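> sequence and predicted structure are below.
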Amino acid sequence: MSSAHTPMAPPRSFVWSRRIFLTLLAGFVLVPVYVMVSSSLKPLADVTGKFRWLPSGLTLRPYVDIWSTVPLAKYFVNSLIVAGAATVCSVVIAVFAAYAVSRYEFRGKRVFTVTVLSTQMLPGILFLLPLFLIYVNIGNATGIALFGSRAGLILTYLTFSLPFSIWMLIGYFDSVPRDLDEAALVDGCGPLGALFRIVVPAAVPGIVAVAVYAFMTAWGEVLFASVMTNDTTRTLAVGLQGYSTLNDVYWNQIMAASLVVSVPVVAGFLLLQRYLVAGLTAGAVK
Amino acid sequence: MTTTALKEPVRDTSPGAAREPRRRTGWIRRVSLPYLLLLPALFFELLVHLVPMVIGVVMSFKELTQFYIRDWGTAPWSGLDNYKVSVDFDAPVGKALLHSFGVTVAFTLLSVGLCWLIGTAAAVFMQDTFRGRGLLRALFLVPYALPVYAAVITWVFMFQHDNGLVNHVLHDQLHLTDKPSFWLIGDNSFYALLTVSVWKGWPFAFLIVTAGLQNIPRELYEAAALDGAGMWQQIRRITLPSLRPVNQVLVLVLFLWTFNDFNTPYVLFGKSAPEAADLISVHIYQSSFVTWNFGTGSAMSVLLLLFLLVVTGGYLLVTSRGRRPADV
C-alpha cells in the first residue's frame, strides 16, 4: 500500500537486519500453527509418544471423532449465537453513541467518553461476582433468566467490545465530512436519516473493523463463559476443555477441534484486516 | 446555519417556516437527541460494569462467605477486616497476595516491553514494500486472530513433559538440558507464561504501530532524505518520535490488558496456577471461588483497581507532560 518512502534503495545493513528479524519472527509465529495443523492430522499414537515433527501417517480421523467425543456442534452453535448476537448489538449501540459524540455538543460528553473508556481498565475479576449476583437477582425478581442463559452472556459480551468500538467509530465518523450529513439534513432527512443514509455508508470500513473486533472478543472470552454457562448453553471456550478431562488426552482431537473453532474467526479476520488497519488509522491512532 | 444547528442545538432556531408548537418539540428533540443516542450504551455499561463495580466495593466491606451468597444483602458488615487480611503481609493470605502481585508486575513489564519492541520493529521493517509483505503481514496477525483458548491449548501441548515439542527440541534434538524439563509447573512456568503472552500479544502492537506509521507525512522522509539522512537515521529521527502519541495509548492498553489477563494463565495452567506464574487475576479468582470467600476476593479486586488507577493516572500525567513541549 504505502510505497517506498525513500527515493533510494535501503542500505544493505537495513535489508539484512530486516531479513533476519522477520525470518526469526515468522518462525516463532509459525511453530505453534504448524503444531496445531500437523498434530490434527496425526494418529493418536503420534501424539501420546515422543513428539515428532512429521506424522507417521496422515489421517482425518480426529476431524470425525471431535464431534462425538464432546458435543462440539452444540458448543459451536452456542458460540455462534452468543458471539453473533453480541456483535450485532454492540455495533448498533456503538454506532448510535459514536454518532452522538461525533456530531453533537452536549453537557457530559467528556464524562461519557472518559467513563466508557475507563471501564476497559477494570479487572474482569472485580465485576464477575457482582454481575453474577445481579443476574441471579434479576432472574428471581422478574423471571428473566440471565444467569446460565445465552442472553446473559450476550449482554455481558456486548459491553466488552463497546468501549473500544465507540472510541474507534468516533474517530471514523469525525473523518466523514460534516458537509455530507448537513446537506442531507437540509434536504429533509432527520438526524437518523442522515446517520443511516450518509454517515454509516461512508464509514463501512470502520464499522466492519469494529464488528470483527466485537466478534473476536466474544468468541474468545473464557472467564465469564466458565462461570455463567451451564450444560446447554456452554460455549466453545469452555467446551474445548472437555477433551482433556478423560483418561486419555486426545491431543490430536484437541488440535483438530482448536483448528475447526479458529477457522471462522481467523479467516474472517484475515479477509477483513485491511479494514481494521484502515479503521485504526482513521480513528484510534489519530 | 446548518453548522450551528449541529454544533449548538440549544441555540438553534429553525427557519421561520416552523410554527411555535412544532418549534418547541423540535427544540426538545434536538437537545435530548444526543442523550437518546447514548442511552443504550450508557444503560449496558452501567448494568455490566459500573453497578457491579459499586456492588463489588460494597461487598469488600462485608463478611461474604458461602453462607450468605444466596442473599448477599444479609451478610454482616466487617468494616476493614477484608482489607486488613489482604494487606497483612506476615499472614499467609497477605503474603500470597504480595507474592502474586510481584509476579504480575514482573510478568507485565517483561511482556509489555517485549510485545512493544517486537511489534514496533516488525511494523517499521515492513513499512516499505517488498516481495511477500502482504503474506507476512497476514501470517503475523494469526496469533492475534486465533481465539485465546485455541492458541493457548496448542502451547499447552507444546509444553507437555513427555510428548511436547519444546522438550523434544531442547532435550532430544539440541541436548541443551540433562533431562526433560517441566514447563507448566515449578519455576519454568513463569517463562512458559511469558512466551505465550508475548506470542499472543505482540501482533496487537504491530497492528497499532502499522496504522500509526501510515499517518506520518511522506514529505518528512523526503526532506530528511534530501538532507542526507540514511535509513537508520530516518527511523530514529522521524519514525520513532512521530509514533509517540500512538505509543502513549498503545503501551497503556497493553499494560492494562496484560496486568488483568485471566484467559491466558487460566487456560495454560487450569484452576490452580503454579506459584511462579501466579498472576493476580487468577489468584483473586482462586481466593474467591476455591475458598468461597468473596468478601476478601472483592477487597483484593478493589486494591487492584486502586493500583491500576494510580498507575494509569501517573502514567498519563508523566507522558502528557513530556509531550507538550514537543507539540508546540
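Looks like it came in fine.
> just checking, what packs against the host helix or strand of A:Pro130?
Using DSSP states H and E, A:Pro130 falls within helix A:124-142. Applying 3 or more CB pairs under 8 Å, 6 or more residues apart in numbering or on different chains; DSSP states H and E, we find helix A:124-142 packed against helix A:223-228, helix B:51-59, helix B:280-289, helix B:294-327. C-beta: built from backbone N, CA, C; applies to glycine.
> now with 10 Å, please.
Helix A:124-142 sits against helix A:150-174, helix A:223-228, helix B:51-59, helix B:280-289, helix B:294-327, with contacts defined as 3 or more CB pairs under 10 Å, 6 or more residues apart in numbering or on different chains; DSSP states H and E.
> distance between the third one and the chain's centre?
So the one you mean is helix B:51-59. Distance of helix B:51-59 from the chain centroid (CA atoms, centre = their mean, to the nearest Å) equals 21 Å.
> got the helices and strands packed on helix A:124-142 as TSV, with mean neighbour count and distance to A:Ala83 columns?
Putting the helices and strands packed on helix A:124-142 into TSV (neighbours: other CB atoms under 10 Å in any protein chain shown; distance: least, CB to CB, whole Å) gives the following:
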stretch	mean neighbour count	distance to A:Ala83
helix A:150-174	24	7
helix A:223-228	21	11
helix B:51-59	19	22
helix B:280-289	23	22
helix B:294-327	17	27
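> ok, B:Thr312 - contacts?
B:Thr312 is in contact with A:118, A:121, B:252, B:255-256, counting by CB atoms under 10 Å, 6 or more residues apart in numbering or on different chains.
> flag the shaky bits of the stretch 51-200 of chain B, pLDDT-wise.
Applying pLDDT under 70 to the stretch 51-200 of chain B flags residues B:69-70, B:72.
> what does the model give the residue minimising distance to the centre of chain A for pLDDT?
Taking CA atoms, centre = their mean, the centroid of chain A lies closest to A:Met216, which sits 1.3 Å from it. Looking at A:Met216, its pLDDT reads 91.
> can you say which helix or strand has the nearest residue to it once chain neighbours are set aside in it?
Spatial nearest neighbour of A:Met216, chain neighbours left out: A:Val265 (5.6 Å); criterion: CB to CB, 6 or more residues apart in numbering or on different chains. Using DSSP H and E, A:Val265 sits within helix A:251-282.
> quick one, that helix and helix A:150-174 angle?
Per axes from the mean of the first three to the mean of the last three CA atoms, to 10 degrees, the angle that helix A:251-282 makes with helix A:150-174 is 30 degrees.
> so which bits of helix A:251-282 are buried?
By 16 or more other CB atoms under 10 Å in any protein chain shown, the buried positions in helix A:251-282 come out as A:251-262, A:264-266, A:268-269, A:272-282.
> now the stretch 201-328 of chain B, which segments are flagged as low pLDDT?
B:322-328.
> which residues touch residue 232?
Picking chain A for this. Per CB under 10 Å, 6+ apart, neighbours of A:Thr232: A:71, A:74, A:78, A:148-150.
> please refer instead to chain B.
With contact taken as CB under 10 Å, 6+ apart, B:Trp232 is in contact with A:10-11, A:13-14, A:17.
> and with 7 Å instead?
Contacts for B:Trp232 (CB atoms under 7 Å, 6 or more residues apart in numbering or on different chains) come out as A:Phe14.
> in what helix or strand does it lie?
Using DSSP H and E, B:Trp232 sits within helix B:231-234.
> can I get that helix in PDB, CA atoms only?
Output of helix B:231-234 as PDB, limited to C-alpha atoms (Å, rounded to 0.1, in the frame of the first residue of the first chain):
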ATOM      1  CA  MET B 231      17.600   4.800   6.600                       C
ATOM      2  CA  TRP B 232      18.500   4.200  10.200                       C
ATOM      3  CA  GLN B 233      18.700   7.900  11.000                       C
ATOM      4  CA  GLN B 234      15.200   8.400   9.400                       C
END
